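A.B. asks: Sequence and predicted structure are below.
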Amino acid sequence: MDEKVENYILDIVFATRTPDKYKLDKLKPLIAYGGSPRASINLALASKAHAFLNKRGYVIPEDVRSICKDVLRHRIAITYESEAEEKTSETVIQKIFDELPVP
């Protein structure tokens, strides 16, 4: 896996823990706690598997994006405030995708 893709995975997971460092201040009140280090490990493994299933020996950012919601959905706890606004962990992940630069 290319180092840029690895850093992209780390940025996604770290953005769930410290969104203010990624200029995602609006997400901070929506997240009770973000993805753990295991989330980044499993996201990397799932991205590799997705690339393999698509007959590639390398991972591209699209592999990460296509599998990310499935891997992180249950690893991000949302606050009661976000539940009241009918926002889910998938909403949070999508906002991270919209804001983070893709390598």
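C.D. replies: Everything's here; your move. Residues are numbered from 1 along each chain as shown.

A.B. asks: Report the central residue of the protein.
C.D. replies: Ile12 (4.1 Å; C-alpha atoms, centre = their mean).

A.B. asks: For it, grab phi and psi.
C.D. replies: Ile12 has phi and psi values of phi -60, psi -50 when expressed as degrees, to the nearest 10.

A.B. asks: What's the separation between it and Val102?
C.D. replies: 10 Å (C-beta to C-beta, to the nearest Å). Yep, even glycine has a C-beta here, placed from its N, CA and C like the rest.

A.B. asks: So what does the residue of the chain positioned farthest from its centre look like in phi/psi?
C.D. replies: What lies farthest from the middle of the chain is Lys55; by C-alpha atoms, centre = their mean that is 23.3 Å. Main-chain dihedrals, Lys55, degrees, to the nearest 10: phi 60, psi 40.

A.B. asks: Tell me how far it lies from Leu45.
C.D. replies: The separation that Lys55 has from Leu45, given C-beta to C-beta, amounts to 18 Å.

A.B. asks: Look through this structure and tell me its longest helix.
C.D. replies: helix 37-53 (DSSP state H).

A.B. asks: other SSEs contacting that helix?
C.D. replies: For helix 37-53, the contact count by 3 or more C-beta pairs under 8 Å, 6 or more residues apart in numbering; DSSP states H and E identifies helix 3-17, helix 61-72 as packing neighbours.
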